[in-house]
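> Sequence unavailable; structure follows:
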């Protein structure tokens, strides 16, 4: 009923690197996104009205009815999605790569969609820097799963069909609401690769996103690449100190006034 909160299993799917796509490329990405996720839900036997889906531009928010066993999502749906992505990405120059955030909690429905802190957490996990870094480091892998600590404790640890807790690794992540624990898994890998140690607080700009490491602006240039600055004048005992720049990156310091050389670059 609208306005009343009910428990649901939340699945948030985000496309990695979508911010790097042009306007003409985005519709095809979205078509494939809906195709692989929708087919996986169908293969796992999860259909409306037990499945609610909401468009998020470069992703999809899904909320499952309380009678859908979470282990079916963690096992069958995740594995079907993995295989669908592998098939869809064959021979593509820009493969579709997905980050999946999973949580369970209270969800409130209204005329505009679904909301709640549980929804926020599932979205934050899919968008966190650790998830982006792990997927970026998992060369050739089409997806990464980021599960909340509660989902891990209640549904992953007991195991189940295609659910192996040994494949998950714990990381503490800094979200906008504060630090939390999440568990990450890359389908097809015995364990996910380690992300770089210095992740810093998670933000909208992560690896493979515009403005973040690996995005169009790229990493900052090392300090050693900056042009050298002339040395500061020092006391030379009453003698005029001469500083002559003879070429890019070369500074010559002379000791007397009659050694001044001035060049406009025509002799080099």
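Sure thing, it's come through. In this text the structure is predicted, and so the values were computed from the model without any measurement.
> Correct me if wrong: residue 9 contacts residue 64.
Yes - contact criterion C-beta atoms under 8 Å: residue 9 and residue 64 qualify, at 4.3 Å. C-betas here are computed from N, CA, C, even on glycine.
> quick one, which of the two is more surrounded?
residue 9 (25 against 22; other C-beta atoms under 10 Å).
> Pull the contacting residues for the more buried one.
Neighbouring residues of residue 9 by C-beta atoms under 8 Å, 6 or more residues apart in numbering: 63, 64, 68, 70, 73, 102, 103, 104.
> tell me which element the first one falls in.
Same thing as residue 63. Under the criterion of DSSP states H and E, residue 63 resides in strand 59-64.
> Let me see the mean pLDDT of the helix or strand following that strand.
Following strand 59-64 in sequence order, the next helix or strand is helix 70-72 (DSSP H and E). Averaged over helix 70-72, pLDDT sits at 96.
> Tell me the buried residues in the helix or strand that helix 70-72 is followed by?
Using DSSP H and E, the helix or strand that directly follows helix 70-72 along the chain is helix 78-88. Residues 78, 79, 80, 81, 82, 83, 84, 85, 86, 88 are the ones in helix 78-88 that count as buried (16 or more other C-beta atoms under 10 Å).
> Redo those as a markdown table? Include distance to residue 193 and pLDDT.
Below are those laid out as a markdown table (distance: C-beta to C-beta, whole Å; pLDDT from 0 to 100):
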| residue | distance to residue 193 | pLDDT |
| --- | --- | --- |
| 78 | 18 | 98 |
| 79 | 20 | 98 |
| 80 | 23 | 98 |
| 81 | 20 | 98 |
| 82 | 16 | 98 |
| 83 | 21 | 98 |
| 84 | 22 | 98 |
| 85 | 18 | 98 |
| 86 | 18 | 97 |
| 88 | 23 | 96 |
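> what about the chain, any weak spots by pLDDT?
For the chain, the stretches flagged by pLDDT under 70 are 1-2, 198-268.
> Who are the contact partners of residue 137?
Residue 137 neighbours (C-beta under 8 Å, 6+ apart): 193, 194, 195.
> Adjacent strands (with direction) for the strand holding residue 63?
strand 5-15 (antiparallel), strand 51-55 (antiparallel) (DSSP bridges).
> Quick one: residues in contact with the shortest one.
Right, strand 51-55. 41, 60, 61, 62, 63, 64, 65, 68, 109, 113, 114.
> what sits up against stretch 183-193?
Contact with stretch 183-193 is made by 78-79, 82, 130-131, 134-135, 137-138, 141, 143-149, 151-152, 156, 166-171, as judged by C-beta under 8 Å, 6+ apart.
> If we go by neighbour counts, what in it is buried?
Result for stretch 183-193 [16+ other C-beta under 10 Å]: buried residues 183, 184, 185, 186, 187, 192, 193.
> Tabulate those residues (CSV), appending secondary structure.
Formatted as CSV, these follow (DSSP: H, G, I helix; E, B strand; the rest coil):
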residue, secondary structure
183, strand
184, strand
185, strand
186, coil
187, coil
192, coil
193, coil
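> can you tell me which of those residues lies nearest to residue 36?
Closest approach between the buried residues of stretch 183-193 and residue 36, by C-beta to C-beta: residue 187, at 12.7 Å.
> The closest one and residue 89, how far apart?
Distance from residue 187 to residue 89, counting by C-beta to C-beta, to the nearest Å: 13 Å.
> try residue 195
22 Å.
> Comparing the two, which residue is more hemmed in?
The residue with more neighbours, out of residue 195 and residue 89, is residue 195; 21 against 16, by other C-beta under 10 Å.
> Figure out the helix or strand that the closest residue to that one other than its chain neighbours lives in.
Spatial nearest neighbour of residue 195, chain neighbours left out: residue 133 (3.5 Å); criterion: C-beta to C-beta, 6 or more residues apart in numbering. Using DSSP H and E, residue 133 sits within helix 129-137.
> tally of neighbours for residue 109?
18.
> In terms of helix, strand or coil, where does it fall?
strand.
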